[in-house]
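Undergrad: Any chance you could fold what I've pasted below:
(one chain, ligands or ions: 1)
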Amino acid sequence: MPKPTEPAIFDGHNDALLKLFKNGGLANADQFTKGYDAALDLPKARAGGFGGGFFAVYVPSPVDLEHKFIEMTKSQYDLPLPDAIPAGEALPVVMHQAAILFALEAQGTLRVCRSAADIRAALKAGQLAAIFHIEGAEGISEDLHTLDVLYQAGLRSLGPVWSRPTIFGNGVPFRFPSTGDIGTGLTDAGKRLVRRCNELRVMVDLSHLNEAGFWEVAKLSDAPLVATHSNAHAHSPHARNLTDRQLDAIRDSDGMVGLNFAVAFLREDGKMQSDVPLSQMMRHLDHMIERMGEDRVGLGSDYDGATVPKGLDTVADLPNLREAMAAHGYDAPLIAKLCHENWLRVLEKTWGE
Ligand SMILES: [Zn+2]
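TA: Numbers count the residues shown, from 1 in each chain. Just a heads-up that it's a prediction; the model follows:
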């Protein structure tokens, strides 16, 4: 029997724009449309039933990734965070990656969605649905004028920090084992950013915030709490994962969490090694469903930004995940919720349309 390519998977995080930025940038953006050496491109999305998701704009630090990945194969690690990036350096990178996104839209490769209705229409038409998301607000000025302009361009979601510090707050380092309770949270500018996001109805992503920042957003924000790509600390005690208390707060706000496929956040031992059985992903899903209910869990793959389990190497392999969910005993309505319906529910509530 062929493996299931439906329901469409719409997920909380991918780094396709970063990958394209590093591989020739805007001039080479059509490699995404034709297919290239990436976990996510259009032909692979069609093959695996990947309907779209949050396309992150991310400003890379000059760090040695190879060194980072070697450190993360050890049984304990605590990687120093790179230095903050000034807005003047970050903004051109944000503009370049956003330009790639809009170039792909102009080619007809994807649709930049500004409402849940847009996403529904794109999924129905078989068109790749993209949310313009910023992971780490380095490009946003303290007066928030850049935020207002980016919103007009289509920005609908942002994380105040990727893990390194910004003028808005502090994130979690890549530390194992550890909780995310490390350092101070939002700055005053960060609190203003959250309030302005609420006014604009831009989603605030909690995934890379530390615990102090998490609880400050929980107190301040009038929107459902959302972590786009994080896992259960109970099954992988990594600083990037969410404790039961955090999952309970997300449930109480009627928000959701997208399951991150990054192996270091899935494995009990926190190691960046890809021999992870899909049953380990089911453990995280079971735990999050138990804490938050069937309506508050989805996917947040991190494709092209992380080492993922063998057997789920690219979006073309997503039928293996649907098959594993069915074999695990999830029924069709639950699989549909996990694949995209819960994201649509929470986005509609956050954006109001
Ligand atoms: Zn991330």
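Undergrad: following the lowest-mean-pLDDT helix or strand in the chain, which helix or strand comes up?
TA: Ranked by mean pLDDT, DSSP states H and E, the weakest helix or strand in the chain is helix 65-71, scoring a mean of 82. Per DSSP states H and E, the first helix or strand lying C-terminal to helix 65-71 is strand 77-78.
Undergrad: ok, and what's touching the least confident helix or strand of the chain?
TA: Y77, L79, F174, M272, T307 (CB atoms under 8 Å, 6 or more residues apart in numbering). In this view, the C-beta of every residue, glycine as well, is placed from N, C-alpha and C.
Undergrad: buried residues in stretch 84-92?
TA: A84, I85, A87, A90, L91 (16 or more other CB atoms under 10 Å).
Undergrad: Selection in ChimeraX covering whichever of the contacts of helix 65-71 are buried, please.
TA: Restricted to buried positions by 16+ other CB under 10 Å, the ChimeraX selection for those reads:
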select :77,174,272,307
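Undergrad: Can you lay out the contacts of helix 65-71 as a markdown table showing distance to R114 and pLDDT?
TA: A markdown table is the format used below for those (distance: CB to CB, whole Å; pLDDT from 0 to 100):
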| residue | distance to R114 | pLDDT |
| --- | --- | --- |
| Y77 | 39 | 94 |
| L79 | 36 | 90 |
| F174 | 33 | 92 |
| M272 | 36 | 93 |
| T307 | 32 | 96 |
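Undergrad: Let me see the ranges of the strands in this protein.
TA: For the chain, the strands defined by DSSP state E occupy 9-14, 50-57, 77-78, 110-112, 128-135, 155-159, 175-176, 203-204, 226-227, 256-259, 297-299.
Undergrad: Given the third one, what are its sheet partners and their directions?
TA: Strand 77-78 has these partner strands in its sheet, going by DSSP bridges: strand 175-176 (antiparallel).
Undergrad: go on, the fourth one?
TA: Strand 110-112 has its sheet partners listed here by DSSP bridges as strand 128-135 (parallel).
Undergrad: got the angle for the partner strand vs strand 50-57?
TA: Computed by axes from the mean of the first three to the mean of the last three CA atoms, to 10 degrees, the angle separating strand 128-135 from strand 50-57 equals 30 degrees.
Undergrad: Alpha carbons of strand 128-135, as PDB, please.
TA: The C-alpha trace of strand 128-135 is given here as PDB (Å, rounded to 0.1, in the frame of the first residue of the first chain):
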ATOM      1  CA  LEU A 128       2.600  25.900  -0.800                       C
ATOM      2  CA  ALA A 129       1.400  28.200   2.100                       C
ATOM      3  CA  ALA A 130       4.100  30.300   3.700                       C
ATOM      4  CA  ILE A 131       4.000  32.500   6.800                       C
ATOM      5  CA  PHE A 132       6.500  35.300   6.900                       C
ATOM      6  CA  HIS A 133       8.100  34.700  10.300                       C
ATOM      7  CA  ILE A 134      11.200  36.300  11.900                       C
ATOM      8  CA  GLU A 135      13.300  34.100  14.300                       C
END
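Undergrad: what's the angle from it to strand 155-159?
TA: 40 degrees.
Undergrad: Now do strand 128-135: distance to the chain's middle.
TA: Distance, stretch centre to chain centre, for strand 128-135: 9 Å (CA atoms, centre = their mean, to the nearest Å).
Undergrad: quick check: angle from that strand to strand 9-14?
TA: Using the same axes, to 10 degrees: strand 128-135 against strand 9-14 is 30 degrees.
Undergrad: D83 contacts R164, doesn't it?
TA: Yes: between D83 and R164 a contact is recorded at 7.0 Å, counting by CB atoms under 8 Å.
Undergrad: Contact partners for A189?
TA: Here A189 is in contact with E142, I167, F168 (CB under 8 Å, 6+ apart).
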